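Chemist: Would you be able to build a 3D model of this:
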Amino acid sequence: MNFRTPHPFPPVILDDVRGARKMLSGVARMTPMEGSRHLSGLVGAPVHFKCENLQRTGSFKLRGAYVRIAGLSPVERAAGVVAASAGNHAQGVALASALLGVRSTVFMPVGAPLPKVAATREYGAEVRLHGHVVDETLAAAEEYAQETGAVFIHPFDHPDIIAGQGTVGLEILEQCPEVRTIVVGIGGGGLAAGIAVAVKAIRPDVRIVGVQAAGAACYPPSLAAGHPVAIGSLQTMADGIKVGRPGDVPFELVRELVDEVRTVSEAELSSALLLCLERAKLVVEPAGASPVAALLSDPESFRGPVVALLSGGNVDPLLMQRILTHGMATAGRYLSLRVRLTDRPGALATLLSVLTVADANILDIGHVRTDPRLGLTEAEVDLHLETKGPEHCEEVTAELRGAGYLVTE
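Modeler: Below you'll find the predicted structure:
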């Protein structure tokens, strides 16, 4: 989706981002930039990862949270702050508050990943679990702010937050001066808006591409309507960009400055996360891998050099396990088969020897003898195999059938 509508009164300008960077000196790290040989080969131009997954608290969120809280008056700081988040903003607010000596309360969804909840508490925040999606959690935090006088620190809908996130854009221009395309995940829009403000003011020729999960894509309908639109169904593993409505402040900046917004599927997110782990040796959460998913889905459409922003690395290990399994299946590296054989001593060993010749790694095996579909002398074996890719899957299946086995998938 391409769009460009002039907006005469931008809520955030380059000077705000530069001021935020001075404020963040000694607080936020300048995260490294790593090249990706695999993606560079697909795109046909250099591709670099901006590794905000290696930022303090594991994501870029510390930048905006610190700038916002540091800008509060002494009276506001004394009242404390409150925030709502699925995890990354929560940790950013908790650490920023601790560094600034401000009391913090953080509302998180009931299903928030346990490592993110634990980390938020360890940074010093009081955590309250409420709601099942970020929008419900936001409403609870805003109500708490009205009741207690605590200052609500929105995850994306405030100029200070956007200015803080925009410091990533300044670093990208310094670390990769020749960049021509920046790809960034979009939830509420604060990160994409901040980067676009910083980059377009200095290098208006750089193309900014936003990426959303197809199951939680609130920006395409909002941009089509010309104003933020709430969507009802949110179905994605990428909890960091699982937002039902764009923020009012970032929306105007995204509409004006971001060149395109794309969507990616859950399968593409899984494949991207697997690539980051295997090829780049980087732990990235699904939201952080969304730019990589976009590059994998249509690599030839990006003009290089490209910088893909890995926005966060806070992922539940159990979720990581499921995602990696899904990613390997999508890549054709898992094969599930049912093989019928004669039920006699040594039959299973013979079957396994065929798989050894085919160089397939057995992950799980089940031996079935009592199915009413089987004859008195028959058995079936359920096999879950790790393979080297789609072609190897075909070779393994052909090897089994060539050995005389009845194989069903």
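
Chemist: Any stretches of the protein with poor pLDDT?
Modeler: 1-9, 326-328, 330-332, 369-372, 374-377, 409 (pLDDT under 70).

Chemist: show me where the protein has strands.
Modeler: Secondary structure of the chain (DSSP state E): strands at 33-35, 47-51, 81-84, 104-108, 126-129, 151-153, 181-185, 207-213, 260-264, 306-310, 334-342, 361-368, 378-386, 406-408.

Chemist: For these, give me TSV that also has distance to D239.
Modeler: All C-beta atoms are positioned from the backbone trio N, CA, C, and that covers glycine. Formatted as TSV, the strands of the chain follow (distance: least, CB to CB, whole Å):
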stretch	distance to D239
strand 33-35	24
strand 47-51	20
strand 81-84	13
strand 104-108	10
strand 126-129	14
strand 151-153	19
strand 181-185	12
strand 207-213	10
strand 260-264	15
strand 306-310	16
strand 334-342	25
strand 361-368	28
strand 378-386	28
strand 406-408	37
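
Chemist: Of these, which is nearest A90?
Modeler: strand 104-108 (4.5 Å; CB to CB).

Chemist: Now find how far off-centre that closest one is within its chain.
Modeler: How far strand 104-108 lies from its chain's middle: 22 Å, per CA atoms, centre = their mean, to the nearest Å.

Chemist: cool, and stretch 45-52?
Modeler: With CA atoms, centre = their mean as the basis, stretch 45-52 stands 15 Å off its chain's centre.

Chemist: which residues touch it?
Modeler: Applying CB atoms under 8 Å, 6 or more residues apart in numbering, the contact partners of stretch 45-52 are 31-36, 39-40, 59-60, 168, 171-172, 175-176, 179, 276, 280, 282, 288, 292, 295, 302-312.

Chemist: Alpha carbons of it, as CSV, please.
Modeler: Backbone C-alpha positions of stretch 45-52 (Å, rounded to 0.1, in the frame of the first residue of the first chain) are rendered in CSV as follows:
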residue,chain,number,x,y,z
ALA,A,45,22.1,-6.0,-2.7
PRO,A,46,23.6,-5.6,0.8
VAL,A,47,21.1,-6.4,3.6
HIS,A,48,22.0,-5.4,7.2
PHE,A,49,20.2,-6.2,10.5
LYS,A,50,19.9,-3.3,13.0
CYS,A,51,20.0,-5.3,16.2
GLU,A,52,17.7,-3.6,18.7
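
Chemist: How about the contacts made by the most centrally placed residue in the chain?
Modeler: Centroid-nearest residue in the chain, with CA atoms, centre = their mean: A287, separated by 1.2 Å. The neighbourhood of A287, defined by CB under 8 Å, 6+ apart, consists of 185, 187, 213, 238-242, 311-312.

Chemist: Now the helix ranked longest in the chain: buried residues?
Modeler: Identified as the longest helix of the chain according to DSSP state H is helix 159-175. Neighbour-count burial for helix 159-175 flags 159-173 (criterion: 16 or more other CB atoms under 10 Å).

Chemist: what helices or strands is that helix leaning on?
Modeler: If you count contacts as 3 or more CB pairs under 8 Å, 6 or more residues apart in numbering; DSSP states H and E, helix 159-175 packs onto helix 14-23, strand 47-51, helix 61-70, helix 190-202, helix 248-257, strand 306-310.

Chemist: again, only this time at 7 Å
Modeler: helix 14-23, helix 61-70, helix 190-202, helix 248-257 (3 or more CB pairs under 7 Å, 6 or more residues apart in numbering; DSSP states H and E).

Chemist: and the angle for the first one with helix 61-70?
Modeler: Taking axes from the mean of the first three to the mean of the last three CA atoms, to 10 degrees, one finds that helix 14-23 is oriented at 100 degrees with respect to helix 61-70.

Chemist: what's helix 14-23 in contact with?
Modeler: Residues outside helix 14-23 that contact it (CB atoms under 7 Å, 6 or more residues apart in numbering) are 67, 70, 159, 163-164, 166-167, 170, 194, 197-198, 201.

Chemist: Same check on the third one?
Modeler: Identification of contacts with helix 190-202 by CB under 7 Å, 6+ apart yields 12-14, 17, 60, 64, 155-156, 161-163, 165-166, 168-170, 173, 182, 184, 186, 206, 208, 210, 247, 250, 253-254, 257-258, 311.

Chemist: cool, stretch 312-326 as well?
Modeler: 52-54, 58-59, 87-88, 113-116, 237, 240, 270, 273-274, 283-288.

Chemist: ok, of those, which come out buried?
Modeler: The neighbour-count test (16+ other CB under 10 Å) marks 52-54, 58-59, 87-88, 113, 115-116, 237, 240, 270, 273-274, 283-288 as buried among these.

Chemist: Now do the helices in the stretch 201-350 of the chain.
Modeler: For the stretch 201-350 of the chain, helices defined by DSSP state H, counting those that start in this stretch occupy the ranges 219-225, 248-257, 266-278, 290-297, 317-330, 347-357.

Chemist: Nearest to R103, out of those?
Modeler: Closest approach to R103 among the helices of the stretch 201-350 of the chain (CB to CB): helix 248-257, 25.7 Å.
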